[in-house]
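A.B. asks: any chance you could fold what I've pasted below:
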Amino acid sequence: MWSAVRGGLRGATTAVRGARACVAPAREQLRCCSLVSADKYRNIAVVAHVDHGKTTLVDALFRSSLGAKATEKLGERAMDTGDLEKERGITILSKVTALQVEGKDGTPVTLNIVDTPGHADFGGEVERILSMVDLVCLLVDATEGPMPQTKFVLKKALHCESNPRALVVINKVDRPSAQLSAVEDSVFNLFDEMGASDEQMDYETIYASGRDGWSTAEVPDPSQYGELGETVGMQPLIDAILRSTPPPKVQSIESEPRFSMLVSMIESDPDVHMGGVMYTGKVMTGKVALNSTVSVLGADGKPRESARLIKILSRNGLARVELQEAEAGNIVTLVGLSKGQVGDTICDPTITTPFPSIPIDPPTISMLFGPNTSPLAGKSGKKLLARQIVDRLEAEARSNVAVTVGPGPGEFVEVGGRGELQIGILIETLRREGFELSIGSPQVITRMCKETGKELEPTEEVLVDVPSSMSGLVVDKVQARGGALVNMEMTEGGEGEAEGRARVEFLCPSRGLIGLRGELMRECRGEAVVNSVLHSYTPVQTIQKAIRKGSIVSMADGVAKPHSLEALESRGVLFIEPQKPVYNGQVVGESAALHDIEVNPTKQKALTNFRAAGKEDFVRLAAPRKMTLEEYIGYVSEDELIEVTPDDIRLRKKLLDPGSRAREQRAKANKLKERD
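C.D. replies: Below you'll find the model as predicted:
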């Protein structure tokens, strides 16, 4: 599989070849200089598939190192500090923390830990931090085993230029459904499949329960699960980390006293630096003191700015600690700069050659972002102008390496990302900041193969976990979207489960996955778990598009009335409820027919002078279909826009005027006739 992925990434490698060529001398210079070990530091990253327990495991390390009293105020999943992370229960941004532990000879060691997202859409957050760490702590669920994101992060780590070592942690071993032997075999086979070296294959395995706060180097006895939290805690894992993690290799101060740091994260914190940004990364060479003047070099070697450092910060748990100086090998945060980007080098003003950054996989889908132009624009948002939207998106692209921003038609901006979830999170963030937006339908980003001249599209490895009785439905749905069945495994039902589960693996074009998650969730009554990760780029194939029925489009401005909605229920599924404001061109439902229908949802019941007993019944309406933002992204068609405001999410036609829509349809029909 690696050969296929390597072929798919060939285009991305070519794109950054020019930038990397100019920094090759820096890499060779680093290799030739004398390297020493920064024994006071250990830098690790915790990586895993979504819901395998990374953040919970870091919580357990907090309790073990800082004590129960110090961690009471932190609560559960302390590293998930964002509002969206807490609401959705997922990690969205990579974050750095640090613990003070004792080394082998009793000397204090700063253990820098990077907690990473587990969802494939946020894979860029994993890729950008690999240059900072010397060990990847690969977390695997004791029941599920390696999953698509497990393969993705392991592949990136094993073939990263910094060559970090690996430590395998099998988590949730106390679950009744745990399969330790099978999972260990799967992990070993995965290392072999990913082309690991002999040194990388010689990894250590730790068995843990992050929820209960214990770990052990030996396969635990199930009868001792309740005691391990009090007797051993997380110390076996900490000891294994110290054994497996080599100290950072840095140039000696004598050979290179000048300071340089590769920026891996950009964040903001009003409590630390009001209105400014902070740059986090690993100090590669030398030392830097507070109030020193430093420069920022882009990946192409051009200087961006020079400024004075007003703060140097490190971590102790979640608390920020101010330092007087930072030295090579440590992971620190610098405050005082404003124009840097992820992948830039912050260094002594006399240094002119930047350090190389890790190449990042390109985006797979794009969407158009523009100002809200509906009749209801400006009712709830405060940021309405196209210039404000562009500035905010460019700021996002500087801190998030997986997001790209480019010009679009008119006032629209084309934003690229890894998937529907990542772009949905970005839209939700802008919405909460007071923006009003018009969002276009998602489009897959293709590339041209230089060797064959064929157009290539991204293909993803898809893993669907459903009840075994629904496996046939899932296969039909995915194959209709161009997916190819790769493997299917059946497992027996666990305790309290009426039936077993099926794990179905496909290779499917990213184009066919748009809207698939929402469809499978509806068809499988919420019991489908869909995961996907980029596999390779393959020639564009003809696939059957998902047949979406027509839209029910409002032809009037006003407020939706119960009397009108009652008459419309027989014509399809409604998206709105009574007393909601509507306008001409707004999509208020899904038609039962394949074509659009125009209706007047504001029509009131005619009043008369006649009265009769039993004729004045209340109108009883079915509940409207409520969709999340991600479901809207998968649902919207090419002639529609998603209207996003702080108070509501609506669907509308691109052209609000019915006459304009009719002329456009006739023009498309004429073009098709000319082709035929």
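
A.B. asks: can you give me the strands for the stretch 551-676 of the chain?
C.D. replies: With DSSP state E, counting those that start in this stretch as the definition, the stretch 551-676 of the chain shows strands at residue ranges 551-554, 558-559, 572-574, 581-582, 586-591, 597-599, 640-644, 649-653.

A.B. asks: swap in the stretch 401-550 of the chain?
C.D. replies: Taking DSSP E, counting those that start in this stretch as the criterion, the stretch 401-550 of the chain carries its strands at 404-407, 413-417, 437-439, 443-444, 447-448, 455-467, 484-491, 501-509, 529-539.

A.B. asks: spit out the contact partners of the closest residue to Gly276 other than its chain neighbours.
C.D. replies: Counting by CB to CB, 6 or more residues apart in numbering, Gly276 lies nearest to Ser338, which is 6.3 Å off, once chain neighbours are set aside. For glycine as for every other residue, the C-beta is placed from the backbone atoms N, C-alpha and C. For Ser338, the contacting residues are Gly276, Val277, Glu305, Ala307, taking CB atoms under 8 Å, 6 or more residues apart in numbering as the criterion.

A.B. asks: and the third one, helix, strand or coil?
C.D. replies: Translated: Glu305. The three-state assignment at Glu305 reads strand, by DSSP: H, G, I helix; E, B strand; the rest coil.

A.B. asks: look up how far Val272 lies from it.
C.D. replies: Separation of Glu305 from Val272 (CB to CB, to the nearest Å) stands at 20 Å.

A.B. asks: then Glu193?
C.D. replies: Computed with CB to CB, the distance linking Glu193 and Val272 is 43 Å.

A.B. asks: on the three-state scheme, the residue nearest in space to the middle of the chain is what?
C.D. replies: If you average the C-alpha coordinates of the chain and look for the closest C-alpha using CA atoms, centre = their mean, you land on Phe122, 2.1 Å from that point. Following three-state DSSP, the label given to Phe122 is helix.

A.B. asks: wait, what's in contact with Lys580?
C.D. replies: Applying CB under 8 Å, 6+ apart, one finds that Lys580 lies in contact with Val559, Ala560.

A.B. asks: actually Ser162, not the one I wrote
C.D. replies: Neighbour list for Ser162: Leu130, Ser131, Val133, Asp134 [criterion: CB under 8 Å, 6+ apart].

A.B. asks: now Asn584
C.D. replies: Taking CB under 8 Å, 6+ apart as the definition, contacts of Asn584 comprise Pro375, Ser554, Met555, Ala556, Asp557, Leu656, Asp657, Pro658.

A.B. asks: which one of the residues you listed is nearest to Arg418?
C.D. replies: Of all those, the one sitting nearest Arg418 is Leu656; the distance, using CB to CB, is 32.1 Å.

A.B. asks: so can I have TSV of the strands of the stretch 551-676 of the chain showing mean neighbour count and distance to Val219?
C.D. replies: Supplementary listing: the strands of the stretch 551-676 of the chain in TSV, determined by neighbours: other CB atoms under 10 Å; distance: least, CB to CB, whole Å:
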stretch	mean neighbour count	distance to Val219
strand 551-554	25	57
strand 558-559	14	65
strand 572-574	18	53
strand 581-582	20	62
strand 586-591	24	53
strand 597-599	17	64
strand 640-644	23	51
strand 649-653	22	49
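
A.B. asks: nearest to Ala289, out of the ones you listed?
C.D. replies: When the strands of the stretch 551-676 of the chain are compared by CB to CB, strand 640-644 sits nearest Ala289, at 46.2 Å.

A.B. asks: partners of that closest one, with directions?
C.D. replies: For strand 640-644, the paired strands and their directions (DSSP bridges) are strand 437-439 (antiparallel), strand 649-653 (antiparallel).

A.B. asks: what's the average pLDDT for that strand?
C.D. replies: Strand 640-644 carries an average pLDDT of 96.

A.B. asks: report the beta-bridge partners for Gln100.
C.D. replies: Thr110.

A.B. asks: okay, now it: neighbour count?
C.D. replies: Using other CB atoms under 10 Å as the criterion, Gln100 is surrounded by 12 other residues.

A.B. asks: low-scoring stretches of the stretch 551-676 of the chain, by residue?
C.D. replies: Judged against pLDDT under 70, the low-scoring parts of the stretch 551-676 of the chain cover residues 608-617, 676.

A.B. asks: so where do the helices sit in it?
C.D. replies: Along the stretch 551-676 of the chain, the stretches classed as helices by DSSP state H, counting those that start in this stretch are 562-568, 629-635, 658-675.

A.B. asks: check the stretch 301-450 of the chain too.
C.D. replies: 386-399, 420-432.

A.B. asks: what angle do the longest one and strand 413-417 make?
C.D. replies: Spelled out, that is helix 386-399. For helix 386-399 against strand 413-417, the angle by axes from the mean of the first three to the mean of the last three CA atoms, to 10 degrees is 30 degrees.

A.B. asks: rebuild the strands paired with strand 640-644 as a markdown table, extending it with distance to Thr205.
C.D. replies: Listed next are the strands paired with strand 640-644 as a markdown table, based on distance: least, CB to CB, whole Å:
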| stretch | distance to Thr205 |
| --- | --- |
| strand 437-439 | 45 |
| strand 649-653 | 46 |
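
A.B. asks: can you tell which of those is closest to Val173?
C.D. replies: Closest of the strands paired with strand 640-644 to Val173 is strand 649-653, at 41.8 Å (criterion: CB to CB).

A.B. asks: could you list the residues in contact with the closest one?
C.D. replies: Contacting residues not belonging to strand 649-653 are listed as 374, 376, 551, 553, 575, 583, 585-587, 627, 629, 632, 635-636, 639-643, 661 [CB under 8 Å, 6+ apart].

A.B. asks: looks like Val464 contacts Arg501 (just checking).
C.D. replies: No: taking contacts as CB atoms under 8 Å, Val464 lies outside contact range of Arg501: 10.4 Å.

A.B. asks: who has more neighbours out of those two?
C.D. replies: Taking other CB under 10 Å, Val464 and Arg501 do not tie; Val464 has more neighbours (26 against 19).

A.B. asks: what sits against that one?
C.D. replies: For Val464, the residues meeting the contact criterion (CB under 8 Å, 6+ apart) are Val474, Val478, Arg503, Val504, Glu505, Phe506, Leu520, Ala528, Val529, Val530, Asn531.

A.B. asks: equivalent analysis for Ile92, please.
C.D. replies: Shown here is Ile92, whose contacts under the criterion CB under 8 Å, 6+ apart are Gly82, Leu84, Glu85, Pro117, Phe122, Glu125, Ile425.

A.B. asks: report pLDDT for the residue nearest to the centre of the chain.
C.D. replies: Phe122 carries a pLDDT score of 82 in this model.

A.B. asks: picking up where we left off before, most tightly surrounded among the helices of the stretch 551-676 of the chain?
C.D. replies: Per-stretch averages of neighbours, counted by mean count of other CB atoms under 10 Å, single out helix 629-635 among the helices of the stretch 551-676 of the chain, with a mean of 21.

A.B. asks: run through who's touching that helix.
C.D. replies: Applying CB under 8 Å, 6+ apart, the set of residues contacting helix 629-635 from outside is 367, 420-421, 423-424, 427-428, 439, 442, 514-519, 548, 627, 642, 644, 649, 651.

A.B. asks: please apply the same query to stretch 310-325.
C.D. replies: Among residues not part of stretch 310-325, those counted as contacts by CB under 8 Å, 6+ apart are 62, 65-66, 70-71, 74, 78-79, 81, 96-100, 110, 112, 269, 272-273, 278, 287-291, 326, 330-336.

A.B. asks: for stretch 620-627, same thing?
C.D. replies: 518, 562, 565-566, 569, 573-578, 589-590, 635, 649.

A.B. asks: list just the nearest of those residues to Gly210.
C.D. replies: Ranked by distance to Gly210 (CB to CB), those are led by Gly518 at 30.7 Å.
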